[in-house]
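Engineer: I need the structure of the sequence given here:
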Amino acid sequence: MIIIGWFVQAFLSFALLALISIGFGFLFSTKLRYLAINNTGIHSSFSYVLITLILAVGILVSLILIVHYLKAFASNIFNSLFFVQSNLDVLRKTLIYTSVFFVLQCLSDVLGSLTHNTGISSIFTDSISSVFYLFIFWATIYLFYITFKYGLKVQQDNNSVI
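Structural biologist: Just a heads-up that it's a prediction; the model follows:
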């Protein structure tokens, strides 16, 4: 499990570096300052490319952090550390970055629909079902957070009685 987490994290880091280098090459290319393809309805300018790059980097960074914190959570569980403060902190950070990913993905879909283009991120398609799946993922992380928060409270009460 931990090896898979490291592999996914390394892959996402490589993708982030590739995206940044391609994005900067695209931004500073003199031939591609303004691209208009009327047949498909794609209208790209410098500001559109910059916003797209920022959203894509934000999505990748949030995914890298989500994988990192889920790996830390899994490591604690495998080490039989269930109801400890570090698990609660890790789940809270995972919840925050999942929320950031959710918002950035929705902004990506809105920007894509405004420009009659596809979404910036190909992690999920730009449809209502992808927003529903993202919400289900966020709700699952939130449920784990609430469960472990209550478990930590019960564990502390148990420790104070003994």
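
Engineer: contacts only, for N76.
Structural biologist: Under the criterion of C-beta atoms under 8 Å, 6 or more residues apart in numbering, the neighbours of N76 are F82, V84, S86, N87, V90. All C-beta atoms are positioned from the backbone trio N, CA, C, and that covers glycine.

Engineer: correct me if wrong: the fourth one contacts S80.
Structural biologist: Looking back up the chat, that one is N87. No - using C-beta atoms under 8 Å, N87 and S80 do not qualify as a contacting pair, with a distance of 11.4 Å.

Engineer: those two: who's more crowded?
Structural biologist: Neighbours were counted for N87 and for S80 using other C-beta atoms under 10 Å; N87 has more, 21 against 6.

Engineer: confidence score at the more buried one?
Structural biologist: Residue-level confidence at N87 comes out at 92, pLDDT.

Engineer: next, the buried residues of the strand or helix carrying it.
Structural biologist: Element membership for N87 (DSSP states H and E) is helix 85-114. By neighbour count with 16 or more other C-beta atoms under 10 Å, helix 85-114 contains the buried residues 87-88, 90-91, 93-95, 97-98, 100-102, 104-105, 107-109, 111-112.

Engineer: who are the packing partners of it?
Structural biologist: Judged by 3 or more C-beta pairs under 8 Å, 6 or more residues apart in numbering; DSSP states H and E, helix 85-114 is in contact with helix 46-78, helix 128-161.

Engineer: can you get me a residue count around V161?
Structural biologist: So V161, with other C-beta under 10 Å, has 6 neighbours.

Engineer: now swap in F135 and tell me
Structural biologist: One way to gauge burial is a neighbour count; for F135, by other C-beta under 10 Å, it gives 11.
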